[in-house]
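1. sequence first, predicted coordinates after that:
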Amino acid sequence: MPAVDLAIQQLNHAVTLIIPEVILLATMCVMFLIGPFLVSEAGQCETGLRHRWGALSLLAVGTAWFVWFNSADAAPVFSGPFRVDALVWYTRGLSLTIGAALVLVLWNQTDDAHSAECHASLLAILAGVNFVSIANDLTGLFLALELVSIPTYLFLYLPRRHVTDREATIKYFLLSIFSSALVLYGMAWLYGVAGTTSLPGIREHFAAVSAAASSTDGSGVASGPVLIAMALLIAGLGFRIGAVPFHFYAPDVFQGVSVASSAMLVFVPKVVGFVSLLRLIPLMNGAVTLENWVPEASIRSLLAALAVVTMLVGNLMALRQKNVLRLMAFSSVAHAGYMLVGLALGDGLAAVGGPGALLFYLAAYGLMTIGSFALLSAAGTREHGLQTEEELAGLSRTSPLIALLLTVSLFSLTGLPPTAGFLGKLNLFLAAWGEGTPVGRILAVIMAANAAVAAWYYLRLITVMYLDPAAKTERVTTPQPAAMVAGIACSVLTIVLFVAPQWLWDVVSRAVS
């Protein structure tokens, strides 16, 4: 077969592996191309245009979700530019499900004139998340990370375009490009060591080096250049997951941008960061899957230290916050620390593996955080949701349903039953304690102590809603049924996942096997 025909055949086969992403990107192109023609030079457009773009965005996500759901029995693919396995299936389902909730939160958070660009940016971000999981090459992985980052800058600024939005977007932009440089530099070191950008090729290289080293002196592959490469990659991706000391942008950006933008930032970058690390870190062990995988000792120590510091700083700083969005920002930092515990443990030393517990917690975290932001949006104005404790005071009397649903989300963030957050924290604790090593036991104790500290500021918000008197000035709200639907769905699923968690655990188990 001629080389050209072979290349075309491989390209056609590769396209069939990314149909959900093609749907999202095709809809994104339609929005970017048609949207500007429906707005005059003066910025005037037909009233209610945001509803049409919101419906189209929801349709695209729903169609991609349908294609994803029906691909559950597809044969795995480990060669070529795209890798399709159970982790890809899990990541797609998680990103598209939470993406639908984000579309609903965004629905009324943007004006009619810029709604097309806002929804198009969100679709591009969701496609980028999926490409991160499916990438089978360092080049493809970096491009996927940038497909998430670049539309994010637009998504942060477009909904309101106030001075605070500009300042927050610039802060995020500058730190984001710095983290991208770290990731790219780390990939360059990894390429220099392995001599290839292909993830299977890198894995085979390290497997061969490890086998040769073990047969001679029992050492592994943790040479200086490899450790530099992994340290740079962990640092660059640490910005995305919000790990200390790469978390400085979080409180200012969360407070400065719209609620929809904060909701996206609190979850999507964490999925991107952790999925990337789950793909890259096992390469050092030559592991084909995450099953029975344990991080190399030096990387494990680095991840454990990051987990401890991130939990402590996130929770202690959240205790001091009176602004709800800043509190949620530091809360997201603390939750990144909890999830780093799962990454530091590996999957080979305990009945409940770290990667499985991490992926389970990631799904539960998405429901409870997106639900919280959706309800804060629904209880506020179109310009901004509830942002301070004073605005939250007396919510149980002015909006009892929102207060009840927000209480469910806060209970889940605390880790109290009957919510998915309880099971998520329990799985991580069992994974750490069941490992039986000193590092695992220390991580388990510190995580439990931090969960107790976090309960103070989450339960304080519930106290404010139910016990504090409402402000004397009447709260002005704007009906936001779309955000309310997202809040109800996330809160209900948080309880459903506590009652019937086995289906998700089965999916997670396949993803790490």
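-> It's in.
2. for the rest of this, base every contact and every neighbour count on C-alpha atoms.
-> Fine.
3. buried residues in the lengthiest helix in the chain?
-> Secondary structure of the chain per DSSP state H: the longest helix is helix 163-194. For helix 163-194, a neighbour-count test (16 or more other C-alpha atoms under 10 Å) marks 164-173, 175-176, 179-180, 182-191, 193-194 as buried.
4. for stretch 80-97, same thing?
-> For stretch 80-97, burial by neighbour count (16+ other C-alpha under 10 Å) applies to 81-97.
5. same thing with stretch 322-340?
-> Neighbour counts over stretch 322-340 (16+ other C-alpha under 10 Å) mark 323-340 as buried.
6. among those, which are located in helices?
-> Under the assignment DSSP H, these contribute 324-340 to helices.
7. so for stretch 436-450, mean pLDDT?
-> The pLDDT scores in stretch 436-450 average 91.
8. convert the C-alpha atoms of that stretch to PDB, please.
-> The C-alpha trace of stretch 436-450 is given here as PDB (Å, rounded to 0.1, in the frame of the first residue of the first chain):
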ATOM      1  CA  GLY A 436       0.000   0.000  55.700                       C
ATOM      2  CA  THR A 437       3.100   2.100  55.200                       C
ATOM      3  CA  PRO A 438       4.200   5.000  57.400                       C
ATOM      4  CA  VAL A 439       3.600   7.500  54.600                       C
ATOM      5  CA  GLY A 440       0.100   6.100  54.000                       C
ATOM      6  CA  ARG A 441      -0.900   6.200  57.700                       C
ATOM      7  CA  ILE A 442       0.500   9.800  58.100                       C
ATOM      8  CA  LEU A 443      -1.500  10.900  55.000                       C
ATOM      9  CA  ALA A 444      -4.700   9.300  56.300                       C
ATOM     10  CA  VAL A 445      -4.400  11.000  59.700                       C
ATOM     11  CA  ILE A 446      -3.600  14.400  58.200                       C
ATOM     12  CA  MET A 447      -6.500  14.100  55.700                       C
ATOM     13  CA  ALA A 448      -8.900  13.200  58.500                       C
ATOM     14  CA  ALA A 449      -7.700  16.200  60.600                       C
ATOM     15  CA  ASN A 450      -8.100  18.600  57.700                       C
END
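9. can you list contacts of it?
-> Residues outside stretch 436-450 that contact it (C-alpha atoms under 8 Å, 6 or more residues apart in numbering): 304, 308, 311-312, 315, 338, 341, 345, 349-350, 428-435.
10. relative to residue 291, how far out is the residue lying closest to residue 301 once chain neighbours are set aside?
-> Counting by C-alpha to C-alpha, 6 or more residues apart in numbering, residue 344 is the residue found nearest to residue 301 once chain neighbours are left out, at 7.6 Å. Distance from residue 344 to residue 291, counting by C-alpha to C-alpha, to the nearest Å: 14 Å.
11. ok, those two, which is more surrounded?
-> It is residue 344, of residue 344 and residue 291, that has more neighbours when counted by other C-alpha atoms under 10 Å, with 27 against 18.
12. ok, the closest residue to residue 345 other than its chain neighbours to residue 276 distance?
-> Spatial nearest neighbour of residue 345, excluding adjacent residues (C-alpha to C-alpha, 6+ apart): residue 354 at 5.1 Å. Applying C-alpha to C-alpha, the value for residue 354 to residue 276 is 16 Å.
13. so which of these two has more stuff around it?
-> residue 354 (32 against 21).
14. quick check: closest non-adjacent residue to residue 407.
-> residue 462 (6.2 Å).
15. same thing with residue 191?
-> Distances taken as C-alpha to C-alpha, 6+ apart put residue 197 closest to residue 191, at 5.7 Å, once the chain neighbours are dropped.
16. try residue 118
-> Excluding the flanking residues, the one nearest residue 118 by C-alpha to C-alpha, 6+ apart is residue 155, at 5.7 Å.
17. picking up where we left off before, give me the phi and psi for the residue nearest to residue 191.
-> When read as degrees, to the nearest 10, the backbone of residue 197 gives phi -100, psi -10.
18. low-confidence regions, the stretch 1-150 of the chain specifically.
-> Judged by pLDDT under 70, the stretch 1-150 of the chain has its weakly predicted residues at 1-13.
19. who are the contact partners of residue 254?
-> Residue 254 makes contacts with 168, 261, 262, 265, 325, 326, 329, as judged by C-alpha under 8 Å, 6+ apart.
20. oh, I was asking about residue 235
-> Per C-alpha under 8 Å, 6+ apart, neighbours of residue 235: 179, 182, 183, 246.
21. and it, how close does it get to residue 177?
-> Residue 235 sits 13 Å away from residue 177, going by C-alpha to C-alpha.
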